[in-house]
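**Q** need a structure here:
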Amino acid sequence: MTITLDTPLAKPLLDWYDRHHRDLPWRVSPGMTASGVKTDPYRVWLSEVMLQQTTVQAVKPYFEKFLQRWPEVTDLAAAENDEVMAAWAGLGYYARARNLKKCAEAVAREYGGIFPDTEEGLKSLPGIGDYTAAAVAAIAFNRQAAVMDGNVERVISRLYAIDTPLPAAKPAMKEKVARLTPATRPGDFAQAMMDLGATICTPKRPACSLCPFRGGCEALKLSDPELFPVKAAKKEKPVRHGAAFIAVTGDGEILLRRRAESGLLGGMTEVPTTAWTARLDGETSVSAAPFEAAWQFSGTVIHVFTHFELRLSIWRAAIAGQVARDDGPNDGWWEPVTNLEAQALPTIMKKAIAAAIPLAFKTSKG
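**A** Predicted coordinates for the structure are as follows:
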């Protein structure tokens with residue numbers, strides 16, 4: 001990549017980063033890097049996958065849990081799929097967890113447990129797109145790659161007063177990031193841009209007086225940085241309906257089953273539900289129950305996915321354990337309520353269970 005006249009803008013940002021960088025569990029600080037400490041590609045990749053559409057505070061405990069259980073990429077590759085999905089439960093966007101496992105397996109199988117050190121090599125791995133490849137290449141391997149997440153988009157849109165609405169503005173923004181990224185310390189530069197957007201160039205009330213770019217920021221010259229980035233009008237999310245059925249035995253066991261590997265929440269654990277999707281409603285009445293029982297209505301829970309809102313009617317049945325085993329459906333299993341935390345239950349299923357069994361998850365924690 002050719003260094004252009006925009007690159008000197010990186011110096012004040014890097015000077016700011018050296019003084020004000022965030023200490024994060026997956027990050028090697030600038031001082032440690034200067035002392036020769038290497039950045040672990042596995043930690044960078046794992047954190048970047050987890051951080052997609054999720055906050056830093058939400059990711060920290062998951063990241064630490066994953067590293068404790070699977071300290072190397074080869075350990076994650078050898079793990080059982082159900083264990084990985086259960087450890088991921090609650091982070092959302094579960095296709096990321098499936099791709100995480102596939103990527104770890106590919107690194108172990110095809111590269112002997114060592115990540116490729118170029119954007120092209122990284123993009124050849126399952127689940128790694130342009131952003132993650134650029135981030136790992138820059139941060140872990142010091143490649144001069146243009147890294148652009150939501151924080152960086154905001155900084156760039158304001159620095160250059162880009163008034164094209166998102167997402168149409170993304171190609172122009174990435175070109176600007178590429179022109180800014182220096183050949184020296186590109187990984188620190190990428191992390192500095194993220195930190196700047198997260199702590200100074202915030203969506204509301206940015207602290208412009210503290211910004212290392214304040215002298216050249218076009219949005220600041222226009223007097224209102226909060227006007228950027230410009231976003232296209234949001235479409236109203238459709239509302240979908242369905243039902244969930246919570247069957248509990250006298251011994252305190254609940255009927256669970258596993259969703260199909262493909263599609264929304266693929267491979268995750270669920271209670272029996274009707275066939276709702278992002279595009280279609282499912283049945284909401286007791287007539288769709290998985291077997292005959294004295295089902296009682298237990299209210300409605302609402303969960304908002306990226307592209308739609310789901311409203312589930314909750315039905316609960318207290319049944320005899322032997323009847324459940326003899327006459328119940330054969331596509332699931334009966335799990336003690338006290339063991340629910342160990343299951344790969346997405347948030348919507350936890351909400352459904354909690355509506356029918358209010359103390360289910362408190363009980364499961366002992």
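**Q** Where does Glu261 sit: helix, strand or coil?
**A** Put simply, Glu261 is coil when judged by DSSP: H, G, I helix; E, B strand; the rest coil.
**Q** residues near the nearest residue to it once chain neighbours are set aside, how many?
**A** Ranked by C-beta to C-beta, 6 or more residues apart in numbering and with sequence neighbours excluded, the top spatial neighbour of Glu261 is Gly267, at 4.9 Å. From N, CA and C alone the C-beta is placed, and that goes for glycine too. Gly267 has 20 neighbouring residues, counting by other C-beta atoms under 10 Å.
**Q** was I right about Gly267 contacting Pro346?
**A** No: the pair Gly267 / Pro346 is not scored as a contact, 10.3 Å apart, by C-beta atoms under 8 Å.
**Q** just checking, Phe245 is part of a strand?
**A** Yes: per three-state DSSP, Phe245 lies within a strand segment.
**Q** Now do the contacts for it.
**A** 255, 271-273, 289-290, 295, 315-317 (C-beta atoms under 8 Å, 6 or more residues apart in numbering).
**Q** show me where the stretch 51-200 of the chain has helices.
**A** Assigned by DSSP state H, counting those that start in this stretch, the helices in the stretch 51-200 of the chain fall at 56-69, 73-78, 81-88, 95-111, 119-123, 130-141, 150-159, 170-180, 186-199.
**Q** the inter-axis angle of the third one versus helix 95-111?
**A** Think helix 81-88. 130 degrees (axes from the mean of the first three to the mean of the last three C-alpha atoms, to 10 degrees).
**Q** centre of the chain versus helix 81-88, how much separation?
**A** Mean-position distance between helix 81-88 and its chain equals 14 Å (C-alpha atoms, centre = their mean, to the nearest Å).
**Q** try the fifth one
**A** With C-alpha atoms, centre = their mean as the basis, the distance from the averaged C-alpha position of helix 119-123 to the chain average is 21 Å.
**Q** Of the contacts of Phe245, which is the most crowded?
**A** Trp315 (26 neighbours).
**Q** how would you label that residue: helix, strand or coil?
**A** strand.
**Q** give me the beta-bridge partners of it?
**A** Going by DSSP bridges, Trp315 is paired in beta bridges with Phe245, Phe297.
**Q** Same list (the helices of the stretch 51-200 of the chain) but as CSV, adding distance to Val337.
**A** Shown next, in CSV, are the helices of the stretch 51-200 of the chain (distance: least, C-beta to C-beta, whole Å):
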stretch, distance to Val337
helix 56-69, 22
helix 73-78, 29
helix 81-88, 16
helix 95-111, 24
helix 119-123, 42
helix 130-141, 38
helix 150-159, 39
helix 170-180, 46
helix 186-199, 39
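**Q** Tyr42 is nearest to which of those?
**A** helix 73-78 (4.6 Å; C-beta to C-beta).
**Q** Would you mark the buried spots in the closest one?
**A** Residues of helix 73-78 classed as buried by neighbour count (16 or more other C-beta atoms under 10 Å): 73-77.
**Q** And stretch 171-178, what's buried?
**A** 173-174, 176-178.
**Q** Could you break the protein into its assigned domains?
**A** 7-227, 239-364 (automatic domain parsing).
**Q** Quick one: closest of the ones you listed to Ala233.
**A** domain 7-227 (8.5 Å).
**Q** from the chain's centre, how far out does the closest one sit?
**A** On C-alpha atoms, centre = their mean, the centre of domain 7-227 falls 13 Å from the chain's centre.
**Q** That one spans what distance, first to last residue?
**A** With C-alpha to C-alpha, to the nearest Å as the measure, domain 7-227 spans 25 Å from end to end.
**Q** so where do the strands sit in the stretch 201-350 of the chain?
**A** Under the criterion DSSP state E, counting those that start in this stretch, the stretch 201-350 of the chain contains strands at 239-249, 253-258, 269-270, 296-304, 309-319, 332-336.
**Q** closest to Trp16 out of the ones you listed?
**A** strand 296-304 (36.1 Å).
**Q** what does the closest one rub up against?
**A** 237, 244, 246, 286, 309-317, 347-348, 351-352, 355-356.
**Q** for the buried residues of stretch 171-178, which one is nearest Ser29?
**A** Closest to Ser29, out of all of the buried residues of stretch 171-178 and judged by C-beta to C-beta, is Val177, at 22.6 Å.
**Q** mind checking which of the strands of the stretch 201-350 of the chain is nearest Phe63?
**A** Closest of the strands of the stretch 201-350 of the chain to Phe63 is strand 269-270, at 22.2 Å (criterion: C-beta to C-beta).
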